[in-house]
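In: Here you go, sequence then predicted model.
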Amino acid sequence: MPQSTDDGVATQAHNLPLLATREICSGKTYIVTGANVGLGFEAAKHLAVLGAGRVILAVRTPSKGETAKAAIDAAAGTGGTDVVQVWPLDLEKFDSVKAFVKRAAAELERIDAVIENAGVALVTREMAEGHVKPVTVNVLSTFLMAVLLVPVMREKAKRVGGTPNIVIVTSRAGFDEKCHADWEGIKEDPIRGMDSEEMVPVKTYPLSKLTETFAAGHLAREVIPVDKGGVVINLICPGLCVTELGRNAPPEMFSRLKALHDAYGRTAEDGSRTLLHGAVAGVESHGKFLHSCQDGEPVVPDWVKNETELQKNTWDLIAKELEVIEPGCVSKLL
Ligand SMILES: NC(=O)c1ccc[n+]([C@@H]2O[C@H](COP(=O)([O-])OP(=O)(O)OC[C@H]3O[C@@H](n4cnc5c(N)ncnc54)[C@H](OP(=O)(O)O)[C@@H]3O)[C@@H](O)[C@H]2O)c1
């Protein structure tokens, strides 16, 4: 769960630039998943303060979303308006993802960026929709939401202009050598590997993020280049940030994580600037890994970057699952 100090955390930058500006965001519509706490909350707050016309807080517990909305309304001066809205989204349930996208298609005039931020890190083996939760939440539902949204966002953009963004919030925690060794054992079928009863549950978080990275690069570059898909899809790693992500960690791991947070952690607000970078980055960011509000490709190891066949294989496995969940969703991407 925690990132170790040998993967760049000790040297990570602080006080990142805020690349989303009032000029860019004013009047636009944004969706942020997992916006009730942590990085998602801070990113949504920035967007509201920057004058966004609509900020959808996509959360699994509406009461937590309402608490977040009240805080954001107070910070942005949007109280009493419907600029910030709380919509239910539970990534443990595929039907919830489908209902959310249907609602977005029907109710939103435009969607300028979707920040797919919600994610889960667990230390016990828990299942949802027939898979361990990090697979369901971090991988399958995240990509289901992306593939369902691409045609919706493309159609809306044809009417209002611009090229919208989908930001997949991943992690370079999957790039460390321990995760690499685990990946070698499951890389031919990472979904089955993570779901296996032999898999140590705590390993599924970095492996699920690595799976996202492998698949998203191929999806963006090879399946839906911007000229065909009409949407920029990029990946960002927020770096090590002080949030509630480690809430499920047992005491000893929690203390180690806290020590790393104390020594090197970005505040959630600082880390949220990386999400906003993804939301406003141009077409040159399509299929790219972003980090510290800049091109993050230099931090992607060769065993990830150069494995194009494995990237395709990982995407194909996910696409097969998505076609069962919602027949036609991958073929309708173009
Ligand atoms: N913090 C870091 O150091 C770090 C580093 C690298 C990457 N990341 C990534 O950054 C993203 C945000 O994490 P964070 O650090 O801000 O952690 P966080 O404070 O734990 O926030 C996670 C968010 O995801 C939501 N979520 C979890 N399961 C969900 C589900 N089934 N359906 C809908 N929402 C769900 C949570 O909602 P509830 O509050 O209802 O649980 C919460 O809003 C994650 O994708 C994480 O992997 C974080």
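Out: Arrived safely, thanks for sending. Predicted, not measured: the structure shown is a model, and the values here were computed from it.

In: Do a quick rundown of the strands in the stretch 101-250 of the chain.
Out: 113-116, 127-128, 131-132, 165-169, 232-237 (DSSP state E, counting those that start in this stretch).

In: for those, which one sits closest to the ligand?
Out: Of all the strands of the stretch 101-250 of the chain, it is strand 165-169 that lies closest to the ligand, at 4.3 Å by CB to the nearest ligand atom. For the C-beta atoms, the positions are set from N, CA and C on the backbone; glycine is no exception.

In: Averaged pLDDT, that closest one. What do you get?
Out: Mean pLDDT, strand 165-169: 98.

In: Stretch 264-283 too?
Out: pLDDT averaged over stretch 264-283 gives 98.

In: List the buried residues of that stretch.
Out: 264-266, 268-281 (16 or more other CB atoms under 10 Å).

In: Let's see which of those end up in strands.
Out: Using DSSP state E to define strands, no part of the buried residues of stretch 264-283 is located there.

In: Helices - which of these land there?
Out: Assigned to helices by DSSP state H, the following of the buried residues of stretch 264-283 qualify: 264, 268-280.

In: and residue 205, what does it touch?
Out: With contact taken as CB atoms under 8 Å, 6 or more residues apart in numbering, residue 205 is in contact with 1, 120, 121, 122, 134, 138, 173.

In: among the strands of the stretch 101-250 of the chain, which is the most enclosed?
Out: strand 113-116 (a mean of 29; mean count of other CB atoms under 10 Å).

In: Identify the residues contacting it?
Out: Outside strand 113-116, the residues that touch it by CB under 8 Å, 6+ apart are 28, 30-33, 40, 43, 142, 145-146, 149, 153, 164-169, 275, 278-280.

In: Contacting the ligand as well, which ones from these?
Out: Taking CB under 6 Å from any ligand atom as the test, the ligand is in contact with 40, 169 out of the contacts of strand 113-116.

In: Is the most centrally placed residue in the chain bridged to anything, and to what?
Out: Taking CA atoms, centre = their mean, the centroid of the chain lies closest to residue 169, which sits 2.8 Å from it. The partner list for residue 169 in beta bridges (DSSP bridges) reads residue 236.

In: quick one: it and residue 238 touch, right?
Out: Yes - in this structure, residue 169 is within contact of residue 238 by CB atoms under 8 Å, at 6.6 Å.

In: so what's in contact with the two at the same time?
Out: 39, 275.

In: check contacts around the closest residue to the ligand within the stretch 51-200 of the chain.
Out: Using CB to the nearest ligand atom, the closest approach of the stretch 51-200 of the chain to the ligand is made by residue 119 at 2.5 Å. The contact partners of residue 119, by CB under 8 Å, 6+ apart, come to 34, 137, 138, 142, 169, 209, 245.

In: Dihedrals phi and psi, residue 57?
Out: phi -90, psi 110 (degrees, to the nearest 10).

In: So what's the residue count around it?
Out: For residue 57, the neighbour count with other CB atoms under 10 Å is 28.
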